[in-house]
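Novice: got a structure for you, letters missing:
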């Protein structure tokens, strides 16, 4: 297993005693496919939502925030990768000498300039575009699918809401708080995975597959499918439709928050204020499909491409995300199942696109 992971890592992130790909052509070759996807998405967003996109661009595109968040996470990703690599390789050197040898032979400067910064630049440009579309969903397609999605959940479980089962099996505030922590950790796992992929070799098919799938998930699932199946989630069912089926769940979560902090409840209230109050900053509400599950499954497939044990670990995390999304009232179970199915389909499509794209371009130095 160690030999297998070592072979794959030489095609992946940081430790390289090989030729470093650098230069404008290499970057264009590696970033043009996801960049083209984001460009088309951006044109559509600007044509339909130009004013909103512009306002969000000014508010969200803070270089200070990027430096404060992304650079530390880059260092975390590099440290994790380096630790795994060094733990699974044996050059016969003493541990300290191996670490120094690895650090001195890795061209961090070129990796940051030619790999990390272009990928992060695309991420920064995409953020306001997606937020603009997400917060505009209720204006384009009012929430109407929630009652049907809830009914599908009950059909899957013979008339019982899935949250009743999860809280029946895990009734305590400690379990809810644990789910709450895992749900929040998703954001950092997403960013660290993106950063890890961004510093892989520019010619890596796995790198291009992940970056392409990452953006296609947000566009096809998080924007297009979210518009077609516009829904808000169980937490807002009573406020939007007057249906009280999920009132017991929200009362239970509220009672548990008096024992332990449940951060999800505060976030849910802020999202609702952004939806209901024109003077409150809007970030958007959308339930179907679950982007937590879309991205978690994409990261799972990415991890399997690196090493089986990493994929298994991430698959367990994705399973926790699926249960947590229902347990905390964020999603109907079908939201998560749809997110997983869509992400698998998008990964396969992205893998095909990546292989064909790299085959069309000559190697660049």
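Specialist: That came in fine, so what should we check first? Bear in mind the structure is a predicted one, so any value in this text is a computation, not a measurement.

Novice: for residue 170, phi and psi?
Specialist: According to degrees, to the nearest 10, the main-chain angles of residue 170 amount to phi -130, psi 80.

Novice: please determine how far the closest residue to it other than its chain neighbours is located from residue 288.
Specialist: Spatially, and ignoring its direct neighbours in sequence, residue 170 is nearest to residue 327 (7.2 Å; CB to CB, 6 or more residues apart in numbering). For every residue, glycine as well, the C-beta is placed using N, CA and C. Computed as CB to CB, to the nearest Å, the residue 327 to residue 288 distance reads 18 Å.

Novice: kindly check the end-to-end length of stretch 252-268 for me.
Specialist: With CA to CA, to the nearest Å as the measure, the ends of stretch 252-268 fall 15 Å from one another.

Novice: tell me which residues in that stretch are buried?
Specialist: By 16 or more other CB atoms under 10 Å, the buried positions in stretch 252-268 come out as 252, 253, 256, 257, 262, 264, 265, 267, 268.

Novice: residues near the residue nearest to residue 170, how many?
Specialist: The number of residues packed near residue 327 is 26, by other CB atoms under 10 Å.

Novice: got a list of what the closest residue to residue 353 other than its chain neighbours touches?
Specialist: What sits nearest to residue 353 in space, not counting adjacent residues and going by CB to CB, 6+ apart, is residue 212, at 5.8 Å. Shown here is residue 212, whose contacts under the criterion CB atoms under 8 Å, 6 or more residues apart in numbering are 33, 34, 37, 350, 353, 354.

Novice: measure how buried residue 294 is and give me the count.
Specialist: When neighbours are counted by other CB under 10 Å, residue 294 registers 29.

Novice: also residue 346?
Specialist: 23.

Novice: quick one: mean pLDDT over the host helix or strand of residue 346.
Specialist: Residue 346 is located in helix 333-360, with elements delineated by DSSP states H and E. Averaging pLDDT along helix 333-360 yields 93.

Novice: distance between it and the chain's centre?
Specialist: Average the C-alpha atoms of helix 333-360, do the same for its chain, and the two points are 14 Å apart (CA atoms, centre = their mean, to the nearest Å).

Novice: what packs against it?
Specialist: Taking 3 or more CB pairs under 8 Å, 6 or more residues apart in numbering; DSSP states H and E as the contact definition, the neighbouring helices and strands of helix 333-360 are helix 24-60, helix 146-156, helix 205-216, helix 291-306, helix 308-327.

Novice: how about 6 Å then?
Specialist: The contact analysis (3 or more CB pairs under 6 Å, 6 or more residues apart in numbering; DSSP states H and E) places helix 333-360 against helix 146-156, helix 205-216, helix 291-306, helix 308-327.

Novice: identify each buried residue in that helix, please.
Specialist: The neighbour-count check on helix 333-360 (16+ other CB under 10 Å) flags 333-340, 342-344, 346-347, 350-351, 353-354, 357-358 as buried.

Novice: quick one: low-confidence parts of the stretch 51-200 of the chain?
Specialist: Per-residue confidence for the stretch 51-200 of the chain (pLDDT under 70) gives these ranges: 51-71, 73-75, 77-108.
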